[in-house]
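1. Got a predicted structure plus its sequence, pasted below:
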Amino acid sequence: MAELLRESPVRLAPMASFTNAPFRSVAVACGSGFTTNEEIDAEALLAGNPWAAESARTDLDPGVVAMQLLGSSAETLVPAALRVVEAGADIVDINMGCPVPKIVHRGKGAALMRDVTATGRILTAIRRAIDVPLTIKIRGGWDDSQPNAVEVARMAQDVGVDAITVHPRTRSQRYGGRAPWDVIAEVVAAVDIPVTGNGDVTSLAEAMAMMAATGCQSVMVGRGALGRPWVFDPAYEALSPEGRAAYETRAIAGHLDLIEGYFPPREALLQMKKQLAQYGAGRAGARGLRAELFGQASIPALRATWARQEAEVLTGIEVAAG
Ligand SMILES: Cc1cc2nc3c(=O)[nH]c(=O)nc-3n(C[C@H](O)[C@H](O)[C@H](O)COP(=O)(O)O)c2cc1C
């Protein structure tokens, strides 16, 4: 696991409804290290929910892939872990950071940070059941009165977890304020297993800065990669505006084709809208563009809307270049 993390110093973070197989594939093509899928609810997977089963597919993943599970007990997480390993997961990751109320109210996600002993029993059971690396993704703690990332990390190391990702905000901080990177450094100092840092990184330079500041072995990039999978490619940064525009056009076109080939038509249309809205987010007139994208009723109409947007960007670059 340590070597794998050394080979994957900067990689895509899991993000529900975005880091499905097509996006993971694009991110890896742009230079991301191994990726983690969006969270899969263990109960839903075991109940045969088609969306959960689709999320567990690994057939588009070009290399190593971690499958992340959400759950509150060994009774569901152990069989679900075995199921995703059977489906091709190279690593099983347990979500201990999701702050969404409907998740934590069911004892899942960040709720696993609360009772460290009980969570230790769950992780022990999963560790015994699977023979691929087991990792966890944690927060700084449940809330500011319980900043227990170090305690949780030590417990995880003791029960045989192979690596830890730390998003240092507590559950109650959700995504507000600056991520307190010093919490990552505290976890690094407390355990011998590899630690991946995460939070507010939007460039390779910032990823290097996080590693230097905290001692973490690798970095996960979340929101900074939405609509910007080229964040993982050092070559992109060196390109001219025309070169960047051409790179983006190629990456987005490849992404759209992957989505269309992977999902059933209705889901593909929605997924294309979501991803295109992210690609368009930094551009002039982003709000109007988003509304226009979400107003399209078919994939050809959506592609035509996007093609017009691409043409406008290219014209803008030509005008700026004189
Ligand atoms: C839309 C969205 C969905 C997310 N879904 C997940 C998830 O499924 N599993 C997970 O561990 N974290 C999830 N996260 C948290 C991210 O992995 C990451 O920890 C967080 O965004 C902070 O990193 P960043 O500042 O680089 O975005 C999600 C975040 C966002 C914005």
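-> Okay, I see it.

2. now the strands: where do they sit in the stretch 151-300 of the chain?
-> Secondary structure of the stretch 151-300 of the chain (DSSP state E, counting those that start in this stretch): strands at 163-167, 195-198, 218-221.

3. Nearest approach to the ligand belongs to which of the ones you listed?
-> Of all the strands of the stretch 151-300 of the chain, strand 163-167 sits nearest to the ligand, with 3.8 Å by Cβ to the nearest ligand atom. All C-beta atoms are positioned from the backbone trio N, CA, C, and that covers glycine.

4. Show me what the closest one is in contact with.
-> 1-2, 5, 13, 93, 97, 133, 135-140, 149, 153, 156-157, 179, 183-184, 187, 191, 193-199, 216, 220 (Cβ atoms under 8 Å, 6 or more residues apart in numbering).

5. And the ligand, is that strand touching that?
-> Yes: part of strand 163-167 sits near the ligand under the criterion Cβ under 6 Å from any ligand atom, namely residue 167.

6. repeat for stretch 87-105
-> Yes: using Cβ under 6 Å from any ligand atom, we find that stretch 87-105 touches the ligand at 95, 97, 98.

7. and that stretch, which residues are buried?
-> 87, 89-99, 103-104 (16 or more other Cβ atoms under 10 Å).

8. and that stretch, how far out from the chain's middle?
-> 11 Å (Cα atoms, centre = their mean, to the nearest Å).

9. for stretch 69-87, same thing?
-> 19 Å.

10. which parts of it are buried?
-> Under 16+ other Cβ under 10 Å, the buried positions of stretch 69-87 are 69-72, 74, 76-78, 80-81, 83-85, 87.

11. Give me the mean pLDDT for that stretch.
-> Per-residue pLDDT over stretch 69-87 has a mean of 97.

12. how far does stretch 185-198 stretch from start to finish?
-> Stretch 185-198 has its terminal residues 11 Å apart, counting by Cα to Cα, to the nearest Å.

13. With respect to the ligand, which of the buried residues of stretch 69-87 is nearest?
-> Closest to the ligand, out of all of the buried residues of stretch 69-87 and judged by Cβ to the nearest ligand atom, is residue 70, at 7.7 Å.

14. Can you give me the neighbour number for the residue in the chain positioned nearest to the ligand?
-> Nearest residue of the chain to the ligand (Cβ to the nearest ligand atom) works out as residue 222 at 2.7 Å. By other Cβ atoms under 10 Å, 19 other residues sit near residue 222.

15. so it touches residue 16, yeah?
-> No: counting by Cβ atoms under 8 Å, residue 16 is not a contact partner of residue 222; they are 10.8 Å apart.

16. Excluding chain neighbours, give the residue nearest to residue 196 in space.
-> residue 165 (4.2 Å; Cβ to Cβ, 6 or more residues apart in numbering).

17. Just list whatever residues bridge to the one you found.
-> residue 137, residue 196 (DSSP bridges).

18. what do you get for residue 221?
-> Counting by DSSP bridges, the residues bridging with residue 221 are residue 12.

19. Check the burial of the spatially closest residue to residue 87 that is not a sequence neighbour by counting its neighbours.
-> Nearest residue to residue 87, sequence neighbours excluded (Cβ to Cβ, 6+ apart): residue 56, at 4.7 Å. Using other Cβ under 10 Å, residue 56 has 20 neighbouring residues.

20. Relative to residue 108, how far out is residue 56?
-> Separation of residue 56 from residue 108 (Cβ to Cβ, to the nearest Å) stands at 17 Å.

21. starting at the chain centroid, how far to the worst-scoring helix or strand of the chain on mean pLDDT?
-> Lowest on mean pLDDT, DSSP states H and E among the helices and strands of the chain sits helix 299-321, with a mean of 83. Here helix 299-321 is found 28 Å from its chain centre; the criterion is Cα atoms, centre = their mean.

22. Show me what counts as buried in that helix.
-> 299, 302, 303, 305, 306, 309, 310, 313.

23. Kindly state the domain boundaries assigned to the chain.
-> Domain assignment for the chain by automatic domain parsing gives 2-232, 239-321.

24. Deepest-packed of those domains, please.
-> Comparing these by mean neighbour count (mean count of other Cβ atoms under 10 Å), domain 2-232 comes out on top with a mean of 20.

25. Cross-check the contact I'm expecting between residue 100 and residue 109.
-> Yes: between residue 100 and residue 109 there is a contact under Cβ under 8 Å: 6.8 Å.

26. Look up the closest residue to residue 73, ignoring the ones flanking it.
-> residue 122 (6.5 Å).

27. OK, contacts around the one you found?
-> Contacts of residue 122 (Cβ under 8 Å, 6+ apart): 71, 73, 74, 77, 94, 112.

28. Tell me the residues of the chain that contact the ligand?
-> Near the ligand, when you scan the chain using Cβ under 6 Å from any ligand atom, you find 13-16, 18, 38-39, 68, 95, 97-98, 137, 167, 198-201, 221-224.
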